[in-house]
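Q: give me a model of this one.
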Amino acid sequence: MTAFVLPVPPTPSVAVSGSAERFAVRRIFCVGRNYAAHAREFGNDELDPPFFFTKPADAVVDSGVTIPYPPLTANLHHEIELVAAIGRPGFRIPRERALDHVWGYGVGIDLTRRDLQDEAKKAARPWDWSKAFDRSAPCGPLVPAQKSGHPREGRIWLAVDGKVRQDADLAELIWPIADIVSICSEAMELEAGDLIFTGTPAGVGAVKPGETMTGGVDGIGTIEVTIGQPQL
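A: So this is what the prediction gives:
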């Protein structure tokens, strides 16, 4: 048995719909600008090949939690996303076989410190501080693909205190799930436990302490997260 000098941290995980079991999370990949309208709302008219950024595995939190308003920002944004959970390893996966590697799907929110992201863009610096902070990847319970199928269309939406802000259809994805999984696997070997946040539609905006975000994807599930007061 391996001995460690410090206690081993708990394994990050996501709930599984209808089960007491949980899905252990290894890594979190996120796709930028995968809905044309969202790309345009940030001034990006040309639709480039998909690009990725990451969040630490322990950024994931369950639906139903209250998240303290994060430090270093005055402009925290919500981004609702379909999440694909990888169940089989693969490297340079052909598109026609990519969905065989998806274990299931969930509804996630990519929380973003937009002011820090804007500063990073202007300085041509990495986005890590704007995207990869504590509790920045809420995710609802995963539904096995055997039950849900592989969604190609269906409503994806998010509301803040009951007012809908993001409302689109998965059919609007520029790069569908199979493409995203295949392209991501060209850069590194995907492993069981990886999550891929597949991009957000237009309508992203700020969320403040005391506000509650609710959202969902047809046929997959819903998510609810409240923003609390900043940590002291």
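
Q: which of the helices and strands in the chain ranks last by mean pLDDT?
A: Every helix and strand of the chain was ranked by mean pLDDT, DSSP states H and E. The lowest is helix 36-41, at a mean of 57.

Q: tell me which helix or strand comes right after that one.
A: strand 51-55 (DSSP states H and E).

Q: quick one, phi/psi of the residue nearest the centre of the chain?
A: Nearest residue to the geometric centre of the chain (CA atoms, centre = their mean): Phe197, 3.4 Å. Main-chain torsions, Phe197, degrees, to the nearest 10: phi -80, psi 120.

Q: where does pLDDT dip in the protein?
A: 37-47 (pLDDT under 70).

Q: before we move on, the earlier item: looks like the residue nearest to the centre of the chain contacts Asp110 (just checking).
A: Yes. Using CB atoms under 8 Å, Phe197 is in contact with Asp110, at 5.4 Å. From N, CA and C alone the C-beta is placed, and that goes for glycine too.

Q: list residues touching both of the two?
A: Counting by CB atoms under 8 Å, 6 or more residues apart in numbering, the common neighbours of Phe197 and Asp110 are 30, 81, 137.

Q: adding secondary structure, distance to Gly228 and neighbour count, write the residues you listed out as CSV.
A: Below are the shared contacts of Phe197 and Asp110 laid out as CSV (DSSP: H, G, I helix; E, B strand; the rest coil; distance: CB to CB, whole Å; neighbours: other CB atoms under 10 Å):
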residue, secondary structure, distance to Gly228, neighbour count
Cys30, strand, 23, 27
Glu81, strand, 22, 28
Ala137, strand, 17, 28
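
Q: what about Gly104, neighbour count?
A: 23 (other CB atoms under 10 Å).

Q: one more: Lys163?
A: 7.

Q: and what of Lys122?
A: 8.

Q: next, give phi and psi for it.
A: Dihedral angles phi and psi of Lys122 (degrees, to the nearest 10) take the values phi -60, psi -30.

Q: that one and Asp115, how far apart?
A: With the distance defined as CB to CB, to the nearest Å, Lys122 ends up 11 Å from Asp115.

Q: next one: Tyr69
A: Taken as CB to CB, the span from Tyr69 to Asp115 is 13 Å.

Q: do Phe197 as well
A: For Phe197, the distance to Asp115 - CB to CB - is 21 Å.

Q: now swap in Phe133 and tell me
A: 13 Å.

Q: and the two? Which one has more around it.
A: More crowded of Phe133 and Asp115, by other CB under 10 Å: Phe133, with 21 against 16.

Q: using the three-state scheme, assign that one.
A: Secondary structure state of Phe133, per DSSP: H, G, I helix; E, B strand; the rest coil, is coil.

Q: could you check the helix ranked longest in the chain and say which residues are buried?
A: Using DSSP state H to define each element, the chain has its longest helix at helix 177-187. By neighbour count on 16 or more other CB atoms under 10 Å, the buried set for helix 177-187 is 177-185.

Q: can you check what angle separates that helix from strand 51-55?
A: 80 degrees (axes from the mean of the first three to the mean of the last three CA atoms, to 10 degrees).

Q: other SSEs contacting helix 177-187?
A: strand 80-86, strand 195-197 (3 or more CB pairs under 8 Å, 6 or more residues apart in numbering; DSSP states H and E).

Q: mind redoing it with 6 Å?
A: Identification of packing neighbours for helix 177-187 by 3 or more CB pairs under 6 Å, 6 or more residues apart in numbering; DSSP states H and E yields no helix or strand.
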